[in-house]
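*Asks:* structure, please.
(2 chains)
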Protein chains: 2
Amino acid sequence: MTDVDDLVPDSTVRNIEQAIARSAFAELTAFISPLPTGQIVAILERLDSNERAVAYRMLPKGRALEVFEVLDPSLQSDLVLALQDEQTAELFADLDPDDRVELLDELPANLARRLLQGLPADERDMTAEILGYPQGSIGRRMSPEFVRVDPEWTTATALTKLSDHLDDAETVYTLPVTADDRTLIGVVSLRELLKAAPGTTVGQVMQPAQWVHATDDAETAARRCADLKMLALPIVDHETRIVGILTVDDALSILEDADSEDQARISGVEPLRRPYLTAPVLGLMRSRVVWLLVLAVGATLTVQVLEVFEETLAEVVTLALFIPLLIGTGGNTGNQAATTVTRALALGDVRPQDLGKVLFREFRVGLSLGVVLGGLAFTIVSLIYGVDIGTVIGLTFLALCTMAATVGGVMPLIARAIRADPAVFANPFISTFVDASGLLVYFFIAKAVLGI
Amino acid sequence: MTDVDDLVPDSTVRNIEQAIARSAFAELTAFISPLPTGQIVAILERLDSNERAVAYRMLPKGRALEVFEVLDPSLQSDLVLALQDEQTAELFADLDPDDRVELLDELPANLARRLLQGLPADERDMTAEILGYPQGSIGRRMSPEFVRVDPEWTTATALTKLSDHLDDAETVYTLPVTADDRTLIGVVSLRELLKAAPGTTVGQVMQPAQWVHATDDAETAARRCADLKMLALPIVDHETRIVGILTVDDALSILEDADSEDQARISGVEPLRRPYLTAPVLGLMRSRVVWLLVLAVGATLTVQVLEVFEETLAEVVTLALFIPLLIGTGGNTGNQAATTVTRALALGDVRPQDLGKVLFREFRVGLSLGVVLGGLAFTIVSLIYGVDIGTVIGLTFLALCTMAATVGGVMPLIARAIRADPAVFANPFISTFVDASGLLVYFFIAKAVLGI
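*Replies:* Below is the predicted model of the structure:
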């Protein structure tokens, strides 16, 4: 669509593949090295895993780390497995603690253990601290390398302290202000420190702190950082002592992963966790087959419901014609409601306590959809198949839309309340429910209206 | 799930609602003012629009702007309509130009025009410049307020220049380095400026610039900013002259909107563009009814296909029992593939040129899913309904899964190639195609196997 899409022309990737095939390493280095990081990453993502390892080894040392940090953790893991032990150990020690933990989660356990043992003591301690937090918590994704300042200091003192940590701190633009026992009191931005009149203390220019606990859910914390438009969010323990910070770029990658996950699960796919073209076909198949089976097993309920009404069907075969249309519309209505509420939950616009409000809203939305669609269906079907069949179809649309929207809207909240993933739980439940109960409603209405 | 969810207890919101009902304004001010911005925003989002306007007016002036900036543009627009002209004009002048343009897009045209005319000349010029870029381009969302530095300057000079703009620049942490004619040469971070030895020039410490054009798609630009983990991305015109910057927090909100949009459209809902509980029921209904109708019209094709086979159905009513199961599984398989590829496209992992690769991958994935599901279905259905029906169902599963995955995977790429939204285009096309062609395949296989 734009120049950005042509960031890496296919011809470039082909040239590199050929250079690798010819083992023309000098040519390869000369070609790759001058490119900006973003382009190198884009090229690496398009190569297969052997080519990727070869191309990566051609990068000069400083660039290699820069490129590695931006790569997807799944590709980082592939690379680590392909590199020699010595290179791996060095690379691993150079990573930020939070990136290191993300990579560790991807690596085989024995390699992870070996790499951890090879770390310098202070880096190992920082990594161990992060690993101590539960999976999925923000403690796992925060950075323990921050600069904290004292509210009594002058802004000049704070700037001096800061200048000692320009190399190792994750961010120098938002600084937590803490008491001696590390209790968080506020935050101060570098901009405010630079703006302050000489002699001003940090306490005079700091802002009230907003924070999350290290054991809080990572997605919730990242959403908070995003909602508040903060460059960095302090992370505290249960005594409100600072233990780390979440920077906005890490928040962004947490949110992107969470959105990918929600989007996948709404359509019944397990999240891939690696770029599409680098995932093996078997992996793609595995990410889908379980959900397809679960949904198919749920759908066997429809076979059973239809069996009960087999005689009715044999009597009025015309009824069979509308089955896909009715079930499809019910499913679509349910999915619409479920997706809307799942997204609202993820964005924090709706909370489990809002169950009543959501139920009432979705009931009304479903009813009005049912009136529109049912009215249309009644008119059109009556003209073609007669008023009797038209009435059956119209009434079924009305009942089905109301039911599907209400159930679809409420399920994600129930899922959240019982601590299941709304996107996973809502999907199979709604399809199964709408399909089976929709058919029941259809045949009951048909029997009543047609008198069979 | 966490403390974060309890950010604003329901009791707090109720207290505020009651204070508003009793017109106890002093109480209200005393209650709201000391809260941090994030909590005030969360409270405002839970009030109805009249209450929201009342509560907002109680905020002290400085806080009011802070809160306003974080609010969703749809709620900003509601507020502007509820406030008095004078307050509105002042608020409007205090906004950043990019936030102002976002709000303008939400407001009625005559009010927007009046507000623009009321702006000070320089602010109006900056706003007009942004409004000059096409809808959906990054030029519309960038900030024109940045500090540019010269490569010949010493880092000390650059820091001095910076200190003059601490109040008005959107960010002071990433600075574009430009030639005299504003051509972008590089970027330099405040961290690098602070780290540099005295006497170093900006040119010596700057990094090569990565940039996007102002007319590029906003989502692509935001994704680029995120992928590169940059705090700010320079935006240039077609002569590579700097015209603005995109900061990471704006990139984040663009990506969140884009993800909400994709997620909605995949499930056939028009994006709401405002928090769920603040959207009127009629708005919710409207966001869904068009897609439901489109999908239902598509599904009438199934009625026609079934009509063609009405005699076959009358002969073997058992065939009707499996219609929902087969169609459902085909639809699920197609949706899985479409969602996966749509997401990969959005993330930039797949490009339209990869059509061949995706086709071949999805064909294999679909075939293997078909083998697994078809095999299972054959075994189970054979045991219950006999080998003939078992064979029909098994073969249909095989054909359906292969077809659905292939079509589902390829549609988003075709959509992108013809410049349609992959999420919108793929959905109705896949359901209609899979439902109708699935039934055709089913009845052809049934006729062949059963010899009817």
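*Asks:* leaving out sequence neighbours, find the closest residue to residue A:241.
*Replies:* Spatial nearest neighbour of residue A:241, excluding adjacent residues (Cβ to Cβ, 6 or more residues apart in numbering or on different chains): residue A:182 at 4.1 Å. Where C-beta positions appear, they are placed from N, C-alpha and C, glycine not excepted.
*Asks:* then residue A:53?
*Replies:* Closest to residue A:53 by Cβ to Cβ, 6+ apart is residue A:82, at 3.6 Å.
*Asks:* got the phi/psi numbers for the residue nearest to residue A:241?
*Replies:* Per-residue torsions, residue A:182: phi 70, psi 10 (degrees, to the nearest 10).
*Asks:* that one contacts residue A:150, doesn't it?
*Replies:* No. At 10.9 Å, residue A:182 and residue A:150 do not qualify as touching, with contact defined as Cβ atoms under 8 Å.
*Asks:* any low-confidence regions in chain A?
*Replies:* Low-confidence regions of chain A, defined here as pLDDT under 70, cover residues A:1-7.
*Asks:* for the most centrally placed residue in it, what are its contacts?
*Replies:* In chain A, the centroid-proximal residue (Cα atoms, centre = their mean) is residue A:258; its distance is 1.3 Å. By Cβ atoms under 8 Å, 6 or more residues apart in numbering or on different chains, the contact list for residue A:258 reads A:219, A:222, A:346.
*Asks:* over to residue A:329?
*Replies:* A:373, A:397, A:400, A:401, B:292, B:295, B:296, B:299.
*Asks:* and for residue A:70?
*Replies:* Taking Cβ under 8 Å, 6+ apart as the test, what residue A:70 contacts is A:37, A:38, A:41, B:227, B:228, B:229.
*Asks:* one more time with 7 Å, if that's ok
*Replies:* A:37, A:41, B:228, B:229 (Cβ atoms under 7 Å, 6 or more residues apart in numbering or on different chains).
*Asks:* near chain B, which residues of the stretch 51-200 of chain A?
*Replies:* Proximity of the stretch 51-200 of chain A to chain B (Cβ under 7 Å from any Cβ of the partner chain) is limited to residues A:70, A:163, A:166, A:172, A:173, A:190, A:191, A:194, A:195.
*Asks:* next step: these restricted to strands.
*Replies:* Using DSSP state E, no member of these falls in strands.
*Asks:* among the residues you listed, name the buried ones.
*Replies:* A:70, A:172, A:173, A:190, A:191, A:194 (16 or more other Cβ atoms under 10 Å in any protein chain shown).
*Asks:* could you identify the most distant pair in these?
*Replies:* A:70 and A:194 (29.0 Å; Cβ to Cβ).
*Asks:* beta partners of the closest residue to residue A:174 other than its chain neighbours?
*Replies:* Counting by Cβ to Cβ, 6+ apart, residue A:232 is the residue found nearest to residue A:174 once chain neighbours are left out, at 3.8 Å. Here residue A:232 sits in beta bridges with residue A:247, going by DSSP bridges.
*Asks:* now do residue A:189
*Replies:* With DSSP bridges as the criterion, residue A:189 is bridged to residue A:174.
*Asks:* burial count for it?
*Replies:* Counted with other Cβ atoms under 10 Å in any protein chain shown, the neighbours of residue A:189 add up to 19.
*Asks:* from residue B:415, how far off is it?
*Replies:* 43 Å (Cβ to Cβ, to the nearest Å).
*Asks:* with residue A:183 instead?
*Replies:* 54 Å.
*Asks:* now do residue A:415
*Replies:* 31 Å.
*Asks:* go on, residue A:440?
*Replies:* 37 Å.
*Asks:* look at these two and report which has more neighbours.
*Replies:* A count of neighbours by other Cβ under 10 Å puts residue B:415 above the other of residue A:440 and residue B:415, at 23 against 14.
*Asks:* what distance do you get for residue A:268 to residue B:405?
*Replies:* Applying Cβ to Cβ to residue A:268 and residue B:405 gives a distance of 13 Å.
*Asks:* between the two, tell me which one has more neighbours.
*Replies:* Neighbour totals were compared for residue A:268 and residue B:405, and residue B:405 leads with 30 against 23 (other Cβ under 10 Å).
*Asks:* residues touching the more buried one, list them.
*Replies:* Neighbours of residue B:405 in contact, by Cβ under 7 Å, 6+ apart: B:333, B:334, B:337, B:362, B:365, B:366, B:369.
*Asks:* of those residues, which is the nearest to residue A:118?
*Replies:* residue B:365 (39.1 Å).
*Asks:* pretty sure the closest one contacts residue A:280?
*Replies:* No. Here residue B:365 lies out of contact with residue A:280, judged by Cβ atoms under 7 Å, at a distance of 10.2 Å.
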